[in-house]
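Visitor: this is the structure alone, sequence omitted:
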């Protein structure tokens, strides 16, 4: 991607909470954004997207360009993938015509092999590594609650991407998406997966959002134990414990679980603000459970279990959380 002085043409593949949150921020910054949605979300978004003004209870309406099928002749500068993992191959197959020498692709999905999947469809030289720790959830179809942004991280996957990465990072930051370039995007992905496997999974099981879950000592103890097991898996696979903004696992970790619980509460907890819609955060796995949908448990906890088995690591807490979520999801199969 050459450095340009005009706005980017951006395609958002998957207009859920995060896709809408990022898309609106980029649209407000002057970029030409097209949203891809389906079903009830597509129907609602045709009449505009409602999203809260950060740190307030006020909702603003934005008119957006939203489609439910490809524009075959359109060429984009940047494609952002934000669908659930189970929908990945279907949507990429529908949009495989987008492969060219200029369009860049990145994914904010919570799966470890997302760049490899993108490379299969669009070529590794067009793929950028990315992780976002931002918070947003669908209040209902067409209404997104922005819970504020921690950092978004971008790093190399294909070769020769330095200028593209620097340019996208700069544009994201100008749009209000706090973004930084990292040397090892795989390390950040590990830290994100471990964080979701604890807070996200246990929030889904208990149906307790943040910040309330941090006030529950029983949930907090399980979160600490799952984090500890996830960190041991990551270490055995050669990734050192680090602190990333919003993913401060090195600062949180302690061999003593009680001390670790205190660290979690100190670093990650915050007070509910009744004047701020975004002060309640519902992790994506909790959103799925509340909407009677399957979670990404297999891609997150299942991934960690497979990696633990390779190193003969005992992870009873992760396996317990995995089995409970998978057991809960069984009713969705029978229901539908």
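Guide: Yes, it's here. For clarity, every value in this text was computed on a predicted model and none was experimentally measured.

Visitor: where along this structure do the helices fall?
Guide: Using DSSP state H, the helices of the chain run over 17-28, 39-45, 88-94, 114-122, 162-174, 185-195, 201-206, 217-236, 249-252, 257-268, 284-290, 297-310, 316-335.

Visitor: tell me the mean pLDDT for stretch 161-170?
Guide: Average pLDDT, stretch 161-170: 95.

Visitor: stretch 113-125 too?
Guide: 96.

Visitor: which non-adjacent residue is nearest residue 88?
Guide: If the residues on either side of it in the chain are set aside, residue 88 comes closest to residue 117, at 6.0 Å by CB to CB, 6 or more residues apart in numbering. To be clear about C-beta, it is placed using only N, CA and C from the backbone, and glycine gets the same treatment.

Visitor: ok, back up a step: of all the helices of the chain, which lies closest to residue 153?
Guide: In terms of CB to CB, the element of the helices of the chain nearest to residue 153 is helix 185-195, at 4.7 Å.

Visitor: tell me where the model's unsure across the stretch 201-336 of the chain.
Guide: Residues of the stretch 201-336 of the chain meeting the criterion pLDDT under 70: 333-336.

Visitor: just the stretch 51-200 of the chain next, same as before
Guide: Low-confidence segments of the stretch 51-200 of the chain, defined by pLDDT under 70: 149.

Visitor: so who does residue 13 touch?
Guide: Applying CB atoms under 8 Å, 6 or more residues apart in numbering, we find residue 13 in contact with 19, 36, 79, 80, 81, 82, 83, 91, 95.

Visitor: and the pLDDT for it?
Guide: 98.

Visitor: was I right about residue 64 contacting residue 27?
Guide: Yes - here residue 64 reaches residue 27: they are 6.8 Å apart, a contact under CB atoms under 8 Å.

Visitor: give me the common contacts of the two.
Guide: In contact with both residue 64 and residue 27: residue 33, using CB under 8 Å, 6+ apart.

Visitor: right, and residue 251 touches residue 263 too?
Guide: Yes - here residue 251 reaches residue 263: they are 6.7 Å apart, a contact under CB under 8 Å.

Visitor: those two: which is more packed in?
Guide: When residue 251 and residue 263 are compared for neighbours, residue 263 comes out ahead with 19 against 15, by other CB atoms under 10 Å.
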